[in-house]
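# Structure here, sequence nowhere to be found:
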Ligand code: NAI
Ligand code: MG
């Protein structure tokens, strides 16, 4: 794992790349249009970025298709594909400071988080998948008769990848790593809120020496550039991270061409604290599990179930921690909470805070905008939350914690599962068998025991139910980018 660098000296970096990458060349959009990317801490424009639409997507897909079909990438020695991915990881590490600062500038996340979480996870992910490139292989299968049967794992083809704004570089790495290791070529559409780090990563990929057309990046909006990518007949697969409603549109749009789909969507993840837990650890874990990244995490522990007998003590400790969070300039090393990513998210979250108050929950911390510039929201806690309130059912994607009280094991399992989502869950207890019983009963793709948000490139991540289809990270993600071919030969 790359080591985090002391963030005290960071300032906003120079913006090096605002064009789109198609076929190894940097260019303006066909329409000539651009869109502004905003610094959410100041509400000021950082840069104008090339705005792709269907015409640019078409060019990018043709270039990815040509790069795939030329064979220069898919049939390159697998070990050499791995070496190129390693080279990219090393270049990211060489440019660690600039990339961390660029991520904080465009997204608003505290520089200490970019340095301690995003960048190390990104670099680790690419190293991990570099190692897989020459380890993707089939089986020999003892079928009936005098036959020799084996399977091959062939690259799927052109992968369309659509990512959100909450972890712009990490989502890029999670998508590029397994696709490149498998020998696919890529057309990526970064989120319109945060295109800058993906473009800079693509620039470094060119420097690493990826052949033209293997990685294409087209910034733009969802209904134009994103939808064109989903509908394009030259794309074999869409990997999408974002809102479940967007995934529903993508699934319908992909039906015509029967594309392979993997989705990593939202959640309303239960975080369950039993009375026998180490309460201070649970409070710290709950804070991290909800407020990390300004609450903009798909797996945020946004339904915090606390056993009745420790509820009051827990709430008191939690309020103290929430009030101790440091909001402000993301480039200040002491800042622990930055602004929400944009005005739309900011207003959506404030709307949920109002709804929580209207529906009778008690707002015991925060509950308002912080300051008068930038999209900052106070760390907010609601108690007295019931399962049917909007704040307990909907993904808020902000610094709004909902504390629900429960009496016993069966009740909390039942309530934890009463949601259409199933991305993550956590349980805090010293009772090992209780921990495993929760881990096995909660319908979620990831369960953390006495911890939260422990991520690793090697550990599969994804959702049950409406939280997604397929898994990212780990060996599992390679299946998203390969087709299995069976070859049978008569020996008789
Ligand atoms: P979104 O799902 O609309 O956007 C994610 C990506 O999909 C962006 O690149 C966007 O341009 C693209 N997109 C949008 N519409 C598209 C379409 N019709 N076809 C193809 N691509 C399309 O999410 P948004 O609007 O940024 O945030 C809304 C809510 O979604 C958030 O408040 C949060 O609840 C949830 N969300 C969940 C995320 C997660 O990691 N699970 C990440 C981002 C948002
Ligand atoms: Mg949207």
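Cool, got the structure. Remember, predicted model here, so these are calculated numbers, not experimental data. Ligands and ions are numbered 1, 2, ... in the order given.

# Could you tell me which residues of the stretch 101-250 of the chain lie near ligand 1?
Contact residues, the stretch 101-250 of the chain versus ligand 1 (Cβ under 6 Å from any ligand atom): 162-166, 189, 191-192, 221-223, 226-227, 230, 241-243, 246, 249-250. C-beta here means a position set from N, CA and C on the backbone, and glycine is covered the same way.

# Show only the entries of the residues you listed found in helices.
If you go by DSSP state H, these have 227, 230, 246, 249-250 in helices.

# before we move on, the earlier item: list buried residues within the residues of the stretch 101-250 of the chain next to ligand 1.
Among those, those buried by neighbour count (16 or more other Cβ atoms under 10 Å) are 162-166, 189, 191-192, 222, 226-227, 230, 241-243, 246, 249-250.

# Name the SS class of the residue of the stretch 251-400 of the chain found nearest ligand 1, please.
Distance from ligand 1 to each residue of the stretch 251-400 of the chain (Cβ to the nearest ligand atom) is smallest for residue 298, at 3.1 Å. Recorded secondary structure, residue 298: coil (DSSP: H, G, I helix; E, B strand; the rest coil).

# can you tell me how far it sits from residue 309?
Note on residue 298: its distance to residue 309, by Cβ to Cβ, to the nearest Å, is 31 Å.

# Neighbour count: these two, which is higher?
Taking neighbours as other Cβ atoms under 10 Å, residue 298 and residue 309 compare with residue 298 leading, 25 against 13.

# mind listing what the more buried one touches?
In this structure, residue 298 makes contact with 166, 241, 264-267, 423, 467, judged by Cβ atoms under 8 Å, 6 or more residues apart in numbering.

# now, which of the ones in helices among the residues of the stretch 101-250 of the chain next to ligand 1 sits nearest residue 66?
Residue 66 lies nearest to residue 230 out of these, by Cβ to Cβ, at 20.4 Å.

# And for the closest one, nearest residue in space, chain neighbours not counted?
Leaving aside its chain neighbours, residue 230 sits nearest to residue 253 (4.4 Å; criterion: Cβ to Cβ, 6 or more residues apart in numbering).

# got the phi/psi numbers for that neighbour?
The phi and psi values for residue 253, taken as degrees, to the nearest 10, are phi -70, psi -30.

# ok, it touching residue 232?
No. Look at residue 253 against residue 232 with Cβ atoms under 8 Å: they stay out of range, at 10.1 Å.

# who's more crowded, those two?
A direct count of neighbours by other Cβ under 10 Å for residue 253 and residue 232 places residue 232 higher, at 22 against 17.

# Just give the closest residue to the more buried one, not the sequence neighbours.
Leaving out its chain neighbours, the residue that sits closest to residue 232 by Cβ to Cβ, 6+ apart is residue 61, at 4.9 Å.

# low-confidence ranges in this structure?
By pLDDT under 70, the low-scoring segments of the chain are 1-9.

# centroid residue for it?
By Cα atoms, centre = their mean, the chain has its centre lying nearest to residue 171, at 4.7 Å.

# Which helix or which strand is home to that residue?
Using DSSP states H and E, residue 171 sits in helix 168-182.

# Now do that helix: which elements does it pack against?
Here helix 168-182 touches helix 78-94, helix 96-107, helix 119-132, strand 158-162, strand 185-189, helix 196-208, strand 237-241, going by 3 or more Cβ pairs under 8 Å, 6 or more residues apart in numbering; DSSP states H and E.

# Am I right that residue 305 sits in a strand?
Yes. Residue 305: assigned to a strand according to three-state DSSP.

# so what's it up against?
Contact partners of residue 305, counting by Cβ under 8 Å, 6+ apart, are 270-273, 404-406, 412, 415-416.

# Recalculate using a threshold of 10 Å.
Residues near residue 305 by Cβ atoms under 10 Å, 6 or more residues apart in numbering: 270-274, 311, 385, 387, 402-406, 411-413, 415-416, 425, 427.

# do the same with residue 451
With contact set as Cβ under 10 Å, 6+ apart, residue 451 has these partners: 281, 285, 288-289, 426, 428.

# Mark which of those are buried, thanks.
Taking 16+ other Cβ under 10 Å as the criterion, what is buried in the contacts of residue 451 is 285, 288-289, 426, 428.

# Narrow those to those in helices?
Under the assignment DSSP H, these contribute 285, 288-289 to helices.

# Would you format these as JSON lines with distance to ligand 1 included?
Below are these laid out as JSON lines (distance: Cβ to the nearest ligand atom, whole Å):
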{"residue": "285", "distance to ligand 1": "20"}
{"residue": "288", "distance to ligand 1": "17"}
{"residue": "289", "distance to ligand 1": "15"}
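
# Save these as JSON lines, and put in distance to residue 456 too.
Formatted as JSON lines, these follow (distance: Cβ to Cβ, whole Å):
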{"residue": "285", "distance to residue 456": "17"}
{"residue": "288", "distance to residue 456": "16"}
{"residue": "289", "distance to residue 456": "17"}
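
# I'd assumed residue 356 was in contact with residue 398.
No. Counting by Cβ atoms under 10 Å, residue 398 stays clear of residue 356, with 11.5 Å between them.

# can you list residues touching both of the two?
Contact criterion Cβ under 10 Å, 6+ apart; residues shared by residue 398 and residue 356: residue 380.

# residue contacts, the spatially closest residue to residue 446 that is not a sequence neighbour?
Excluding the flanking residues, the one nearest residue 446 by Cβ to Cβ, 6+ apart is residue 424, at 4.4 Å. Listed by Cβ under 10 Å, 6+ apart, the contact set of residue 424 reads 267-271, 289, 297-301, 442, 444-448, 452-453, 461-464, 467.

# Can you turn the buried part of the residues you listed into a ChimeraX selection?
Buried residues among the contacts of residue 424 (16+ other Cβ under 10 Å), as a ChimeraX selection:
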select :267,268,269,270,271,289,297,298,299,300,301,442,444,445,446,447,448,452,453,461,462,463,464,467
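
# Restricted to strands, list the contacts of residue 424.
Among those, the members falling in strands (DSSP state E) are 270-271, 446-448.

# What is the burial count for residue 69?
Neighbourhood size, residue 69 [other Cβ under 10 Å]: 14.

# What does it show for phi and psi?
Phi and psi for residue 69, reported as degrees, to the nearest 10, are phi -80, psi -20.

# isn't it right next to residue 155, touching?
No. At 11.2 Å, residue 69 does not count as touching residue 155 under the criterion of Cβ under 10 Å.

# Which residues are in contact with each of these two?
Common neighbours of residue 69 and residue 155 (Cβ under 10 Å, 6+ apart) are residue 185.

# that older thread, for the closest residue to the residue nearest to the centre of the chain other than its chain neighbours, which residues are in contact?
Spatial nearest neighbour of residue 171, chain neighbours left out: residue 163 (4.0 Å); criterion: Cβ to Cβ, 6+ apart. Residue 163 sits next to 169-172, 174-175, 188-191, 194, 198, 239-242, 264 when contact means Cβ under 10 Å, 6+ apart.

# Good, wrapping up.
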